Structures are given as C-alpha cells and as structure tokens.
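Student: curious how this folds, go ahead:
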Amino acid sequence: MEQHKPTQVVLVSSPGLGHLIPAIELAKRFVVHHNFKVTILAVTSQTSGRETHLINSILTPSLCHVINIPSPDMTGLVDQNDAVVTRLCVTMRQAKHAIKSIISKITPRPSALIVDIFATEAIAIARELNVLTYVFVASHAWFLSLLLYSPFLHHKIQGQYVDQKEALKIPGCSPVRPEDVCDPMLDRSDTQYAEYLGLSNGIQQSDGVLVNTWEELQFKTLEALREGGLLSQALNMKIPVYAVGPLVREPELETSSVTDSVVCWLDEQPTESVVYVSFGSGGTMSYEQMNELAWGLELSGRRFVWVVRAPIEGAADAAFFTTGNKCNQVDEVVKYLPEGFVSRNKKVGLLVPEWAQQVTILKHRSVGGFVSHCGWGSTLESLTNGVPMIAWPLYAEQRMNATMLAEELGLAVRPKVLPTKKVVQREEIARMVREVVQGDDENAKTNRVRERMKEVQRSAIKASSEGGSSYVALSHVAKTIVGADGPN
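Tutor: Numbering: from 1, shown residues only. You can find the predicted model right below:
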C-alpha cells in the first residue's frame, strides 16, 4: 500500500526484560511486515546492567527508534520492600508526564499508541490526541482472562484466594487453582493487589488487546475473551482480542568470549544430551535449594549448562531490578556450590555466571531439556525451539504457566512441590532431568513430552509465518491503524 507519509506507532514498555524483549519483537513485526515507523519508549529501572545492554546493543537502530526514559524519582513513593507490581505501577504512573512530553513532539503524529499492562494510564494521553490505543499483554490468554476477571472474583470471594478449597472459576476458561494465582493475588492486603485490580480496569479502556500467544495454542480461552464468548459477556467487554505471538528473540548477533566458549562446548556434545538451567532475569533461590539443584544435576548423570546466580534468601523475584549487576565471574558463585562440585563435573557441566544468550543456547542441537522458571518469554523461546521443559515456577504468573505446560499441554514435567513453598530435593531433580533429556529409551513419557513439543513448535512457526493465524491477526491490527489514520 503506497503512503505519502509513514504510519507512526508509539510503543510504551515498562521496566524488566520480560516486558521489553517482546515489545521489541512486536515493534519489529510492524516495521518488517507493515512498513510502519515504530518508536519504543522504554522506561528503565536504571539498576539492571542487562536491560541497558539490551537497549544499547541488541536493538537494530534501522528498525526501531528507541527512547530510553530513566526511572523517575521514586523517593517517598515506594521502598525496597514493596512488591514488584507495586513498584512497576508507581514507576509508570510517575513516568506518564515524560511519556506525554515525548509523544507530543513525535512527527508525524502517531497513528496508534501501544502500551503494556503496567502503562494503561497512558491511554489517557492517546485519547487527548484522538489516536487508537492497544494494550500489549506479553503473557498468555489464560493469564489475561484471570487478570480481567479478578475484579469480579474480588467481590465474589471472601478471604484470601490461597485459602479457598475450590479452584477459581473463570467463565469459558480453565479454572485456576488457589495455589496457582499470580503474585498480586497471594495477599489481598498488600498494596500490589489494589494496583493489580487497577490494571484490569485499565485494559478495558483500550481499543483492543494484543496477546503474546497464538490461536492454535489457546483457542478455547481466546474464544471466551472475544465478543460472544462467555468471559466477554460476563465482563461486558466490547474490545477485540488479537493473538499475535509467539513474539520471541532471534539469536543475539553480538559475540563474546562467554558465548563463544558456551557454543564451542555445546558443539562437542551429542545431540539433545544437555540440559540447560536458567531462572530468567529476575529469579533467585535459597542457598539450600541451590545446593540441592547442584546435587540433582550431578546425580542425573546428564550434561548441563547452568546459568548460576548467587543465592538470595527471601523473595523469589529478588533479582528483578538488578539482573546483571553481581557475580559476573564463576569464581564468585562457586563458593555457594557443594564442595568439589566443579572439579567432579568439569567434563559434563558448564557454569555461566549471571546471564547467558539463551536463544542461542536453546537453538543448539545438543540441548535436549530446559530447567526453567517458566517466565512466558523463556517458555516461548523453549516452545519455538522444540526443547522440553522442567517447570520450576518462582513468581509472577509462572505457577499458572507451569500448570498449563505440564498438565494441559503436556510440554513439561514439574516437581511435586512448589519450589517457592518447599525445597525440591536432589533425587526428584535428578529424576526430572533424566525424564526430559534423552538417555533412557524405555521412558515412554520422555518420548511423549518431546513429540508433543515438536508438534507445538511446528504450530508456533506456522502461526507466525505469512498466512498464519498470528500473522493475519497483526495484519488486521495494522489495517485498522492505517484506516483510522485517514487518507494520507
């Protein structure tokens, strides 16, 4: 379609790699497939070394214009003990003035504003400019359904959700077990719970919702969310919901001595023989659990690449705002591992401090399993590369993700206890690793998980390809934006 002026879209991302990375990939789709100009307003935490590195190094300047908005002054508004959702919501609220100032100076005037779920208060800016607004949900449709229905649950259910004896029912969707609710619902007296309920109301003020999933993966839930669906009727929701995923990174282009050494090591290993262990950009564990994990990997007898981070007692998301700032040398982390662990496993294991180029690793032929915190970004990277998972949920909506992966989709195995509630013992860790990573030809479950993962991988690739369900959905959004912009 020939245009006299480019269609300009502004995309607002809140702090955290789990929000920024899919926002970047969404922006790229608009640029590459629809010839849009996209400006990303990335509100940063100013505490994560990897976040800054990603913005400065991984983005392709010719594709997207990125404006880094430093985290506003939060003095007196939050403290270090406040939960992640509280801090994110307050950060984005305080950044609203800067967001408005930047948008007002962009020329030509943006045709649409796309915000993530923590930036819905910026919808008012788009209304003043009389442009379309979409909310981008970096997670999946089941999480979206729970988020949107939470204000109704708030009035229907007395007491704490985690104390309920029955699953939380959502019209037209799978029920959510009380122990699987997302973090803000764990304590209704915490400030982040009120912030969370506000997110639900904010989403429905938009002109549509883009979700990082695809039709074939979550057809039932997506149908419930759309006009005429049971959940949509219960919510009296009129806005369209588009499945535009999976939005995942391509392998990183930059090279480093660490990446080169990991790839060289993987090149020497047999096909699908290595388990990759990483808990994302924010996940942490206790010293005791770190020891059990080390022993479990050793007892499994499988090769491994482990992205190690110093243990932290307390919150499972304690590294959310500080990833990449500490323990950038293996020697700094070894002191937390069992005595002799490194020397005993030097031929079969590789330790990587703090951060690894995950997509590059998951794409490698020698990787046969992934011990993951089940962040949705990491989950999609595993699915699109056909790597079976060991689900190890830590925070946010990851318990929902783990349940969906293991019990509904058959793409993962999981421990019998929640890692945030009890220590997962070494014997169970060893069992799960052997169950997922090839080596026992008689294990029928291993074959089922792996075969099921390959099916979903093909489905994901097809959805994102030209003519696929997600490609078509995003094309519809693009046409709507162009149409609303009027003649050029």
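Student: what sits against residue 110?
Tutor: Residue 110 makes contact with 8-10, 39, 103, 129, 131 under the criterion Cβ atoms under 8 Å, 6 or more residues apart in numbering. Just so you know, the C-beta spots here come from the backbone N, C-alpha and C atoms, and that holds for glycine as well.
Student: next, work out how far apart it and residue 399 are.
Tutor: 37 Å (Cβ to Cβ, to the nearest Å).
Student: ok, residue 271 next?
Tutor: Distance from residue 271 to residue 399, by Cβ to Cβ: 32 Å.
Student: looking at those two, which one has more neighbours?
Tutor: residue 399 (25 against 11; other Cβ atoms under 10 Å).
Student: quick one: least confident helix or strand in this protein?
Tutor: helix 49-53 (a mean of 56; mean pLDDT, DSSP states H and E).
Student: and the helix or strand just after it, what's its mean pLDDT?
Tutor: For helix 49-53, the succeeding helix or strand toward the C-terminus, using DSSP states H and E, is strand 65-69. The pLDDT scores in strand 65-69 average 90.
Student: stretch 168-181 too?
Tutor: Rounded mean pLDDT across stretch 168-181 is 98.
Student: residues in contact with it?
Tutor: By Cβ under 8 Å, 6+ apart, stretch 168-181 touches 142, 145-146, 149, 153, 157, 161-164, 167, 220-221, 223-225, 229-231, 233-234, 399-400, 402-404, 408, 418.
Student: in helices, which of those fall?
Tutor: 142, 145-146, 149, 153, 220-221, 223-225, 230-231, 233-234, 399-400, 402-403 (DSSP state H).
Student: which of these count as buried?
Tutor: 142, 145-146, 149, 153, 221, 223-225, 231, 399-400, 402-403 (16 or more other Cβ atoms under 10 Å).
Student: list the contacts for residue 268?
Tutor: Here residue 268 is in contact with no residue (Cβ under 8 Å, 6+ apart).
Student: what are the phi and psi values at it?
Tutor: The phi and psi values for residue 268, taken as degrees, to the nearest 10, are phi -90, psi -10.
Student: how far away is it from residue 194?
Tutor: From residue 268 to residue 194 the distance is 53 Å (Cβ to Cβ).
Student: domain assignment for the protein?
Tutor: Structurally, the chain divides into domains by automatic domain parsing as follows: 8-247+465-485, 257-439.
Student: now these as JSON lines including distance to residue 458?
Tutor: Below are these laid out as JSON lines (distance: least, Cβ to Cβ, whole Å):
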{"stretch": "domain 8-247+465-485", "distance to residue 458": "10"}
{"stretch": "domain 257-439", "distance to residue 458": "8"}
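Student: sorry, back to before: which one of the contacts of residue 110 is nearest to residue 186?
Tutor: Distances from residue 186 to the contacts of residue 110, taken as Cβ to Cβ, are shortest for residue 10 (33.8 Å).
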